[in-house]
Each structure stands twice: as C-alpha cells, then as structure tokens.
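In: Provided below are the primary sequence and the corresponding predicted coordinates.
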Amino acid sequence: MNNWIESDWALRISSVIISVVLWLIVTHSFPFQQNEESTLRIDGVPVEIRYDKDNYVLQGVNQQQVQLTLSGGKKDLQSIPSYQVYVDLHNVKSGQYQQVPIQVNGLPKDIQVKVFPAHLRVFLDKKVQKGVPVRVQIAGKLPTGYEIDQTTVTPSHVLLKGTESQVKNIHEAVAVIDVKDAQFPFEKWVKLRMPNKDVTFSPESVKVTMTVRKPSKTLPLTVNVDKNPPVGYQLERIEWEPKEITLSGEQADLHSITHYPPLLLDLSRVRSNQTISMEVPTIHNKIEVQPKEIKVKVFIKEE
C-alpha cells in the first residue's frame, strides 16, 4: 500500500484532482458551491434612439444616458454578455411623447434589470417639403427720382425642405436685392435668405431681372396769346405740337402738380404765317419736363 502511494502514478493522479478542484472553486463551477444572489449598478449607459431617419428628425430627447441595476447570481453578473439599451420609435408618428419606455435586450433571462429613468421624453418631427413663391425684398435706396419698374424672378417658386414644425409658418422665400449703386437694368443670381439653419430651398439661388424708371405723369399743354399782332394784322388761328407734356420726378412732387400753366405767345412783331419755337419752362426744380421745346404755327392775315 505504501509503495502505491509513493509511486509516480499516484502523485500524478492526485495533482490532477487537486488542480480540477481548485479550478472549479475559482470559476465558481464547483458543484457544491452556492451561486449567491447579488446586484450590480451601471451608471451612464447610453440609450440608442431607433427611428426612421429617412422620414423623421429627432428634434429633442430629455436625456440619453440612464442607470441600470442588474440582479441575479453573482457568477452570472461577473460574465454579462453585450446588451442593447434603446427606445423604439418606428411605430410612432411625429409629435412630442412624454412616456417612451426604455428597453434592454441581450441579457440572460436569469438576470433581472431595472432602468432609471424607465421612460424618455422625445420629440419626433416629420420631414416635409412644399413649394413657396419667391419675393424680392429691396435694400438700399434708388437714385433720386427713380422707382422700380419691372422685376422678374426665375424660378418664381422654389421647393422648401425641412420638418413639419420648421416649415409650417414659412410661406415664401425671400431674395434680397441691394439697389444702392446698382447699374440698371441688371440681371443677377441672388441666394435666397434662409429662415433658419435647418431649412433649405431648392434651388438655393434665383435669377432676378430688374428695371427702373422715373415716375411720370402726362398733362395737357395749352398756348395762349399774350401779345396780339401789330396794328393792321390779326391772328387767324394757332396750332402747336405736341399738345401734351410729360413730367418726371419723385412721386410726391408729381402728386402736387395737377395742371401745367399755359405758354404765353408774343405776336407783337409777327406779320405773316410762321412757325415759332417756344421753350417749355420748368415749374419745379425736381421735376423734369419733356419735351423741352414745342413748335407753334401761327396763321396771320391782314385786316
């Protein structure tokens, strides 16, 4: 018996048995060892927000990290596999949601989990697009006496892209034109003004063509005889062209002029039919008159 114990084979078998027992103890796999209940708290766990990114935008979430408290066997908690913490928004429409449950997937069924907080508040906004007209906004001042004549925008409508909450109060696109020191007529590409950084227009620029003119009004022109022909002659008739004049200037000044004073004809030295050139006087220093001269035909006969 002593010879067997002291033999090499006995020592080898004993070493193997002792090694196996120690391994089972270290790995908690010893058949008689208890799997004690325990808890494990994990802070700062990120929450994945799952939603349809092609058609929606996540506008807000109250927090994106939570605390997990895991309960289970001590040896189970020491070998936790990878897991996912998430909220699933694939089945909800756009809007604000106060109680979206947080889900945990991938943990063994023997491990119980508590999530704090258990719900999130989220704001999901649907992507939309709509056509809106383009309006030209004038910046700066035109030269004195001028006003915008015609403005053409190409294209006249553009596509507005954003989310429902962002575009619901946007009804136009604005192209700002600075007319100070501009040369008219002009044609230029203008980038549209963006209402906010999350809204876009397609196209982003439009072609603006603009012409200017001076405000004007047309008034009848009359010619009266101021001085008659010499003794022995009399005026048969007078004719003049044009019979209207055009006034150009600022609208406020034009509005104050309701009629143009008649031109006064001096015939004191006229003894025969002739055509007389008459200057059309300016009655306001800010008003331009066209034409500046008219032709008057006088017909004279002897008495």
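Out: Done, it's in.
In: Report the beta-bridge partner residues of D178.
Out: Beta-bridge pairing of D178 under DSSP bridges involves A139.
In: That one and L159, how far apart?
Out: Distance, D178 to L159, by CB to CB, to the nearest Å: 26 Å. In this view, the C-beta of every residue, glycine as well, is placed from N, C-alpha and C.
In: Same check on G72?
Out: With distances taken as CB to CB, G72 is found 55 Å from L159.
In: residue boundaries of the helices in the stretch 1-150 of the chain?
Out: For the stretch 1-150 of the chain, the helices defined by DSSP state H, counting those that start in this stretch occupy 2-5, 8-26, 74-77.
In: what's the neighbour count on S82?
Out: Here the neighbour count serves as a burial measure; for S82 (other CB atoms under 10 Å) it reads 6.
In: next one: I287
Out: With other CB under 10 Å as criterion, I287 counts 19.
In: Tell me, how many residues neighbour V158?
Out: 22.
In: Report pLDDT for it.
Out: Reading off the confidence values, V158 has pLDDT 97.
In: and what of H284?
Out: pLDDT for H284: 82.
In: For stretch 190-200, what does the pLDDT average out to?
Out: Mean pLDDT, stretch 190-200: 90.
In: Now that stretch: buried residues?
Out: Under the neighbour-count criterion of 16 or more other CB atoms under 10 Å, stretch 190-200 has V190, L192, P195 buried.
In: The residues you listed in strands, which ones?
Out: Here DSSP state E is the test, and these give V190 as lying in strands.
In: returning to that earlier point: neighbour count for G72 and L159, which is higher?
Out: G72 (20 against 14).
In: Check the gap between the closest residue to that one other than its chain neighbours and N273 for me.
Out: Closest residue to G72 in three dimensions, ignoring its sequence neighbours and counting by CB to CB, 6 or more residues apart in numbering: I111, at 4.0 Å. According to CB to CB, I111 stands 122 Å off from N273.
In: and the residue nearest to N105 when sequence neighbours are not counted, how many neighbours does it have?
Out: Nearest residue to N105 in three dimensions, chain neighbours excluded: Q84, at 4.8 Å (CB to CB, 6+ apart). Counted with other CB under 10 Å, the neighbours of Q84 add up to 12.
In: Q84 contacts E48, doesn't it?
Out: Yes - Q84 is in contact with E48 according to CB atoms under 8 Å; the separation is 6.5 Å.
In: returning to that earlier point: what is the nearest of the buried residues of stretch 190-200 to Y56?
Out: Closest approach to Y56 among the buried residues of stretch 190-200 (CB to CB): P195, at 20.4 Å.
In: Next one: that closest one from H171, what distance?
Out: P195 is 11 Å from H171, where distance means CB to CB.
In: Same question for E293.
Out: Between E293 and H171 the computed distance is 53 Å (CB to CB).
In: Equivalent analysis for D88, please.
Out: With distances defined as CB to CB, the gap from D88 to H171 amounts to 36 Å.
In: what does V270 give?
Out: As defined by CB to CB, V270 lies at a distance of 68 Å from H171.
In: More neighbours: these two, which one.
Out: Remark: of V270 and H171, V270 carries more neighbours, 18 against 11, as counted by other CB under 10 Å.
In: Now for the nearest residue to that one once chain neighbours are set aside: which residues touch it?
Out: Spatially, and ignoring its direct neighbours in sequence, V270 is nearest to P229 (5.4 Å; CB to CB, 6+ apart). The neighbourhood of P229, defined by CB atoms under 8 Å, 6 or more residues apart in numbering, consists of L235, L267, S268, V270, R271, I300.
In: Neighbouring strands of the strand or helix carrying the first one in the sheet, and parallel or not?
Out: Looking back up the chat, that one is L235. Taking DSSP states H and E as the definition, one finds L235 inside strand 233-241. Paired strands of strand 233-241, with direction, are strand 293-302 (antiparallel) (DSSP bridges).
In: Low-confidence regions, the stretch 1-150 of the chain specifically.
Out: Low-confidence regions of the stretch 1-150 of the chain, defined here as pLDDT under 70, cover residues 1-35.
In: Apply 80 and report the result again.
Out: Low-confidence regions of the stretch 1-150 of the chain, defined by pLDDT under 80, span residues 1-35, 143-145.
In: Check the stretch 151-300 of the chain too.
Out: Across the stretch 151-300 of the chain, the stretches falling below the confidence threshold (pLDDT under 80) are 181.
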